[in-house]
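>>> got a predicted model here, sequence first, then my questions.
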Amino acid sequence: MTLGGPMGRQVDLSLLQKLVQINWLLIILLTLIASVGFAMLYSAANGSIDPWASRQMMRFGGGLVLMLMIAVVDVRTWLRHAYLIYAAALILLIAVEVMGVVGMGARRWVNLGLFQLQPSEVMKIALVLALARFYHGLPLEEVGRMRWLVVPIILILVPVALVTRQPDLGTAILLLATATAILLLAGVRLWKFAVLFGTILAAIPVAWRFMLHGYQKDRVLTYLNPERDPLGAGYHIMQSKIALGSGGLFGKGFMQGTQSHLAFLPERQTDFIFTMLAEEFGLMGCLGLLSLYILVIVYGYAIALRSRSQFGRLLAAGMITTFFIYVFINMAMVMGLIPVVGVPLPLVSYGGTSMMSLLIGFGLILSVYVHRDIIIARRPGHRS
Amino acid sequence: MERDGNRHKTFARRAALLAGGKLTLAALLMGRMYYLQVLESDQYQMLAEENRISMRLLAPPRGLVIDRFGRELASNRQNYRVVLIAEQTNGVAESLDRLARVIPINPHQRRRVLREVKRKRPFVPVKVAENLTWEQFARINVLLPDLPGVQPDVGEGRHYPMGVETAHIVGYVSSVSEAELTGDPLLELPGFRIGKNGIEKVYDESLRGKAGNSRVEVNAYGREIRELARQDGQPGDDVVLTVDAGLQETISRRLSDESAAAVVMDIHQGEILAMVSAPSYDPNAFNLGMSTKAWRALVQHPRKPLINKAISGQYPPGSTFKMIVALAALDAGAAGPGHRVFCNGVVKLGNTKFHCWRHRYGGHGWVDMKQAIAQSCDIYFYDLARRLGVDRIGEMARRFGLGAALGVELVGESNGLVPSKDWKLAVTGVPWQLGETLITGIGQAYLLATPLQLAVMTARLANGGLAVTPKLSRRQGPERLGADGAPAEHPVPPSIGVSAAHLQFIADAMSEVVNGPRGTARKYKLDKDVEFKMAGKTGTAQVRRITKAERKAGGKLAKETPWKERDHALFTAFAPVGAPRYATAVVVEHGGSGTYAAKLTKDIMTAVLRADPLARTALGASRGEDRGGGRKT
């Protein structure tokens, strides 16, 4: 291990030391959130642990182990392999484009023989790693220069374009938003963001005309006017709002949600699970879960700020931003604030892939925390 | 380190900025939650309830139609159906293909389903097939997992156990048409049927009953989860008919090869014991869904099976009208029973010759009134008619129920026609001719009567001149019962004001027609073992004018006459002679001669007297019933 600088207090830690260093409170918070998910999946199956809650528990258990394994791996290892992981994710994304499996009208999966993989999920982590590494190696003065913006923009736009083509608008927005946040945290000039926003606003009509698919346009139109087609595309969001609103202050009670249990609510175990929570536990339940999420995010920020390396800070803050964007998009979507985009509620919605990628992300955050005092040279082998 | 310190500071500043942004977004979420779950909550709670709770109308079971002894003529039967919910299939066509392997689905049904699926609102089931056998229904239930979107369903269907034989009385039910919607939601229930003809139509409202409703919790697919509240409806009232189903059956079979109508009536209460119109149709076919081809065949059939000839068919009464002319003459004092006329077969009025049916044999010779009726002498009645004038004949005819609908509980009753001088002038603009009076005297000219009217006429002749009116239902729901729940008493019908002695004379003459040595129906007196005698009158109604050539050729040509041009055969009768209880009227379209109708009447009256329905206790026994029974001696 030659990555650590001489000033580092924790050059090498034993496995036991690392385990002690792990932020167990964060893990308890994550388990709490996941448990809310188990309860809701139990309710979604009309009071049965099968088929959803049991499998979700197993996935969460497996994910926790994976998270701990990632957490004890030296953060410098992740730094070293960041570009490699990014390259692998990119190749997988291209593989999807070439030979992916079509499911639910979109090409998102690639068959790796043993299991099917969703490369866009890998990219959510890989992009954060790659950008964190890039800005870790860049002095603050250089960050402000335009020419140093070229590489990160390519790093961002290539996967975003590939994901958009699948098409998976939700993930594309997630990647773009997370990357923008990392650029902001790294110190890119604020006026450039203003330019970016201006460009995006200007691009909307163009995107509308040439880039969005029929069903995506439909979603946007429906969002703007849900009554446009109350039995068609607007049906889901209308029913979701009815479920949410009818929950009131304290909800209808566990397993008493009429909208969810009488199948008015679509996808109640996946994307619309928050609606079900809102119906059964009311505003109090919603605020409770939102508070848990906010606590996790606050922890994420604390960990980022405690890290003594730019890589650690950007990695932790990037991962926690991804997490926040998940939460925001999902909740805003089911409440009719934004158009319907297929983004799950992190750790609560039923589904293995997003659970795994989220826990891997938290594994990296924990790794940053465990190795928070290691000072890493800007370039491997060089002193800062 | 210094530089990293700067980077750290920048990071911290930017992180605060980013966190601020996130906090703003989180606040936005909370505001939205507050808006939806607190401010707008009431409205959404209402919408959720509307989603969840559905009011379902409960169709009441339709009342039964039963005969006077309780035999079911219209009943309800479980109807095994299969419906399809398009939204639950993986393609309607595919589900239909799979279903077609289980039950037969013809291309016509298939097209209809595909068409209806497009029209209906989402999740509203579309009927694929009905009236399945239990075996087919069970097979669908077993294979249900392989038939996405297919749902078995049990509805209620109408069934007519006697089918063809009671079709013209009971009628049939069918789906509600657009024009029949009254705003009553019951009528809009899928598969609801209303009476379209006969008793089913006339008593439709009370047979229908009152709809109940049920508040059910439904899921998004409209499937019922549980019932929250239920208000049972009121089943439809049963209708008890005056008809004796057994008798109806016998007479129907006797007439099955004819184009004919027969009515059997209780002469005291006017209860119709049998009413047959042949040929008939199968009302169950309307339930099963009739093909256009089958429907067209029914409509275009030359013998008109869909028409109830007993109430809708109008025929010249022919010689059956002679009793009325005789009574008019007696009543007016224009001629007494002893009035005699010499019949040589023909009488001349100006340049026109009026023949007697016996003119080829040189006429009847001297006949008095009784023999004129018994032998049906036309010349005698030309004479009476000439003495009376058409208006006095018409006045008497109307007293016996001719010339106006009698108000029986069926649809499509004809008025018949009793002409008068004023009527002819008003309708044709030409004054009445004396020749027309003459042929009115033998029941021709403009005269028209329905078989029911002829039966009522005979009943009034036989019951001592009481204005009985025909009835088909004895008890229909609770309203026909008196206040104390006992059956309402039959009022005694008013008298038509004809002398009893005159009526007795006519009755004797009618008995002479059958039982006299020279009566026109002497060949058809009842068999000895029946114990009773019948009285009656033949009638032969010309369908068209008889040409001179035919008159010369005589009867020989009749057999070669096309069916359509042959005379109608009529016979009206009552029995038993002496203490009459039953009146009948039989009309055989193009039956040739009245004696043919007499032949049928002999069989019918024999069946009536053997069954003797008035002597047996019927449902809702009334005073009239006791009277009917008491008269049997």
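Looks like it came in fine. Residues are numbered from 1 along each chain as shown, chains lettered A, B, ... in the order given.

>>> tell me the residues on the stretch 151-300 of chain A that lie near chain B, please.
Applying C-beta under 8 Å from any C-beta of the partner chain, we find that the stretch 151-300 of chain A lies next to chain B at A:181, A:184-187, A:231, A:239, A:241-249, A:258-259, A:262-264, A:278, A:282-283, A:286-287, A:290, A:294, A:297. No exception for glycine: its C-beta is placed from N, CA and C like everyone else's.

>>> number of nearby residues for B:Leu410?
24 (other C-beta atoms under 10 Å in any protein chain shown).

>>> pretty sure it is touching B:Ser473, no?
No: B:Leu410 lies out of contact with B:Ser473 (C-beta atoms under 8 Å); the separation is 10.4 Å.

>>> how distant is the helix or strand containing B:Gln504 from the center of its chain?
Assigning secondary structure by DSSP states H and E places B:Gln504 in helix B:500-515. Per C-alpha atoms, centre = their mean, to the nearest Å, the displacement of helix B:500-515 from the mean C-alpha position of its chain is 34 Å.

>>> what's that helix in contact with?
With contact meaning C-beta atoms under 8 Å, 6 or more residues apart in numbering or on different chains, helix B:500-515 is reached by B:323, B:326-327, B:330-331, B:337, B:369-371, B:373-374, B:376, B:461-462, B:464-465, B:519-522, B:524-526, B:533-538, B:573-574, B:577, B:580, B:598.

>>> returning to that earlier point: joint contacts of B:Leu410 and B:Ser473?
When contacts are counted by C-beta under 8 Å, 6+ apart, the set common to B:Leu410 and B:Ser473 consists of B:Ile199.

>>> now the residue of chain B found nearest chain A: closest residue in space that isn't a chain neighbour?
Nearest to chain A in chain B, going by C-beta to the nearest C-beta, is B:Tyr44, at a distance of 2.5 Å. Leaving aside its sequence neighbours, B:Tyr44 sits nearest to A:Gly245 (C-beta to C-beta, 6 or more residues apart in numbering or on different chains; 2.5 Å).

>>> centre of the chain to the host helix or strand of the one you found, how far?
In this structure, A:Gly245 sits in helix A:233-247 according to DSSP H and E. In terms of C-alpha atoms, centre = their mean, the centre of helix A:233-247 is found 25 Å from the chain centre.

>>> over to stretch B:57-76?
15 Å.

>>> give me the mean pLDDT for it.
For stretch B:57-76, mean pLDDT is 89.

>>> pull out the buried positions in that stretch.
Using 16 or more other C-beta atoms under 10 Å in any protein chain shown as the burial criterion, the residues of stretch B:57-76 that qualify are B:57-60, B:62-69, B:71-74, B:76.

>>> same check on stretch A:274-292?
Neighbour-count burial for stretch A:274-292 flags A:274-283, A:285-287, A:289-290, A:292 (criterion: 16+ other C-beta under 10 Å).

>>> name the nearest residue to A:Ile49, ignoring sequence neighbours.
If the residues on either side of it in the chain are set aside, A:Ile49 comes closest to A:Tyr42, at 6.0 Å by C-beta to C-beta, 6+ apart.

>>> contacting residues around the one you found?
A:Ser48, A:Ile49, A:Trp52, A:Ala53.

>>> pretty sure the third one contacts A:Met40?
Read it as A:Trp52. No: with contact defined as C-beta under 8 Å, A:Trp52 does not count as touching A:Met40 (9.1 Å).

>>> mutual contacts of these two, please.
Counting by C-beta under 8 Å, 6+ apart, the residues touching both A:Trp52 and A:Met40 are A:Gln269.

>>> picking up where we left off before, what average pLDDT does the helix holding B:Gln504 get?
On average, helix B:500-515 scores 92.

>>> how about the secondary structure of B:Val347?
With DSSP: H, G, I helix; E, B strand; the rest coil as the basis, B:Val347 sits in strand.

>>> where are the low-confidence patches of the stretch 151-300 of chain A?
A:222-233 (pLDDT under 70).

>>> can you tell me the centre-most residue of chain B?
B:Gly198 (2.5 Å; C-alpha atoms, centre = their mean).

>>> how about the nearest residue to it once chain neighbours are set aside, what does it touch?
In this structure, B:Gly198 finds its nearest non-sequential neighbour in B:Gly171, 2.2 Å apart by C-beta to C-beta, 6+ apart. Taking C-beta under 8 Å, 6+ apart, we find B:Gly171 in contact with B:Gly195, B:Lys196, B:Asn197, B:Gly198, B:Ile199, B:Glu200, B:Lys201, B:Val202, B:Pro283, B:Leu410, B:Val411.

>>> any chance of the residues you listed in CSV, plus secondary structure and pLDDT?
CSV is the format used below for these (DSSP: H, G, I helix; E, B strand; the rest coil; pLDDT from 0 to 100):
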residue, secondary structure, pLDDT
B:Gly195, strand, 90
B:Lys196, coil, 89
B:Asn197, coil, 90
B:Gly198, helix, 92
B:Ile199, helix, 93
B:Glu200, helix, 92
B:Lys201, helix, 92
B:Val202, helix, 92
B:Pro283, coil, 89
B:Leu410, coil, 92
B:Val411, coil, 90
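
>>> let me know the closest of those to B:Gln37.
Nearest to B:Gln37, judged by C-beta to C-beta, of the contacts of B:Gly171 is B:Gly195 at 53.4 Å.

>>> list the beta-bridge partners for the closest one.
B:Val173 (DSSP bridges).

>>> surely it and B:Glu180 touch.
No: counting by C-beta under 8 Å, B:Gly195 does not reach B:Glu180; the two are 10.4 Å apart.

>>> quick one, which of the two is more surrounded?
B:Gly195 (24 against 12).

>>> noted, bye for now.
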